[in-house]
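Visitor: Fold the following and give me the result.
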Amino acid sequence: MTRLLGISGSLRAGSYNTALLHAAAELLPTGVELEVATVHGIPLYDGDAEEKDGIPAAVEALKDKLAACDGLVLCTPEYNHSVPGVLKNAIDWMSRPGADKERVFGGRPVALLGASPSGFGTVLAQNAWLPVFRILGMRYWCGRELMVSGAHKVFDDQGKLQDETVRDLLRKHMAGFTDFVRG
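Guide: Below you'll find the model as predicted:
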């Protein structure tokens, strides 16, 4: 069984990015599972707090899930033409302490998805993640891009993916990433 971890960069209850991850979990190849995790409960990174109190329990739990998976799927919104702060903050916390970076991120396959109501999708946010992946030693899969624009038109009111073209692209995206992970 190939185990993937999906993390959404949005905290909104009605997040298009979280909905996209749930749709991805339904469109996986045989023998693959995708656990959708959250960054809720992760405090803002503070080196003084880390020194005084250690790594927060929510961070440790997410780190352990990431270290145990075969590949990471990040579903990133685009805020002000870049990465969402809550997701970057979670990644920064998970890279602490520095000695843990290799266990959690080193050589880990990672894919990007993104959904936005705008017409440009999440192209700038996805590009902004690349230096982060490089410094963490992750293996970025660049076989397919998936940037869902006009997200408010492809999901229904309950967050279900309704657009067959996007569904087909998402299925192909996840199949390609699965092949990359299985290498």
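
Visitor: Now do stretch 176-183: distance to the chain's middle.
Guide: 16 Å (C-alpha atoms, centre = their mean, to the nearest Å).

Visitor: Going by neighbour count, list what's buried in it.
Guide: Using 16 or more other C-beta atoms under 10 Å as the test for burial, stretch 176-183 gives 176-178, 180-181. Heads up, the C-betas are built off the backbone N, CA and C, glycines and all.

Visitor: for that stretch, what is the average pLDDT?
Guide: Regarding stretch 176-183, the rounded mean pLDDT is 97.

Visitor: all numbers from here: first residue = 35
Guide: That works, and once the first residue is 35, the last one we named lands at stretch 210-217.

Visitor: what residues does that stretch touch?
Guide: With contact meaning C-beta atoms under 8 Å, 6 or more residues apart in numbering, stretch 210-217 is reached by 36, 38, 62-63, 66, 104-105, 107, 143, 145, 173, 175, 177-178.

Visitor: Just the buried subset of the residues you listed, please.
Guide: Buried members of the contacts of stretch 210-217, counted by 16+ other C-beta under 10 Å: 36, 38, 62, 66, 104-105, 107, 143, 145, 173, 175, 178.

Visitor: Most widely separated two among those residues?
Guide: Within the buried ones among the contacts of stretch 210-217, Leu62 and Arg173 form the most distant pair, 19.4 Å apart (C-beta to C-beta).

Visitor: Check the offset of the longest helix anywhere in the chain from the chain's centre.
Guide: Determined from DSSP state H, the single longest helix within the chain is helix 198-216. Centre-to-centre, helix 198-216 and its host chain are 15 Å apart (C-alpha atoms, centre = their mean).

Visitor: do stretch 189-204 as well
Guide: How far stretch 189-204 lies from its chain's middle: 18 Å, per C-alpha atoms, centre = their mean.
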